[in-house]
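Visitor: Mind looking at a prediction? Sequence and model below.
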Amino acid sequence: MTSETTEKRLALIHRVIVPDKESPKEYAVLVTDRRSIFIRQKSTRGNFWLRGEMSYGTALITDVVPKTLEDYEGNSLDSLTLDAANLTVSHEEIVSLALKKEEQKHRKYDFFVRLTMRMQKEVFQVYDFEMVYRPSPNSETTTKFYMVPLGAYFKPRRRTQTREAILREYATDALEIFQKVLSAKIVAS
């Protein structure tokens, strides 16, 4: 019996954005009962747009269809783990996972976003997770990832929900997924 047959795929978080010095990177997060695999997604837009999406909390381009668990059924967990573009974190290595709300940092070129917020009478609230883990006994790593749903997730809900409610729901759904496997290590703020 291989380890993969006993490891259960629990859920897929469609999209998170991980900041990087060069350019933010888009990932889907496959959560199993033993580890979280950040699966690098094909870049859907440029650096400028991704940084904006991390600030606004929502995808600005809506033509990308979210992947599902079924999309990854054909991939073995080991092959996903061995792919150098992906990031794998064993749940045993995780020290803490905190859900946070990031304060808006207004920049000059955000004028139209601020104008839109004022017209819609809404705040574009960004939620992010900060994951602290120990890949080896002598090192501790922190990975921050922003909860930025794809437009295909966001747009249909926008007819009946506020922007804030949709973004909160997306972050809360991810929090519930992680709570199933990391119950004692999670902090929500």
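Guide: Happy to help now that I have it.

Visitor: where in this protein is pLDDT low?
Guide: The chain contains residues with pLDDT under 70 at 1-5, 44-63, 102-124, 187-189.

Visitor: what about the residue lying closest to residue 186 once chain neighbours are set aside, helix or strand, and which?
Guide: Among residues not flanking residue 186 along the chain, residue 97 sits closest, at 5.0 Å (Cβ to Cβ, 6 or more residues apart in numbering). Every C-beta, even on glycine, is put in place using the N, C-alpha and C of the backbone. In the assignment (DSSP states H and E), residue 97 maps to strand 94-102.

Visitor: before we move on, the earlier item: what bridges to the residue nearest to residue 186?
Guide: residue 131, residue 186 (DSSP bridges).

Visitor: Surely it is in contact with residue 184?
Guide: No. With contacts defined as Cβ atoms under 8 Å, residue 97 does not count as touching residue 184, sitting 10.5 Å away.

Visitor: In terms of neighbours, single out the busier of these two.
Guide: The neighbour comparison of residue 97 against residue 184 (other Cβ atoms under 10 Å) goes to residue 97, with 24 against 6.

Visitor: Name all residues that make contact with that one.
Guide: Residue 97 is in contact with 129, 130, 131, 132, 178, 182, 185, 186, 187, counting by Cβ atoms under 8 Å, 6 or more residues apart in numbering.
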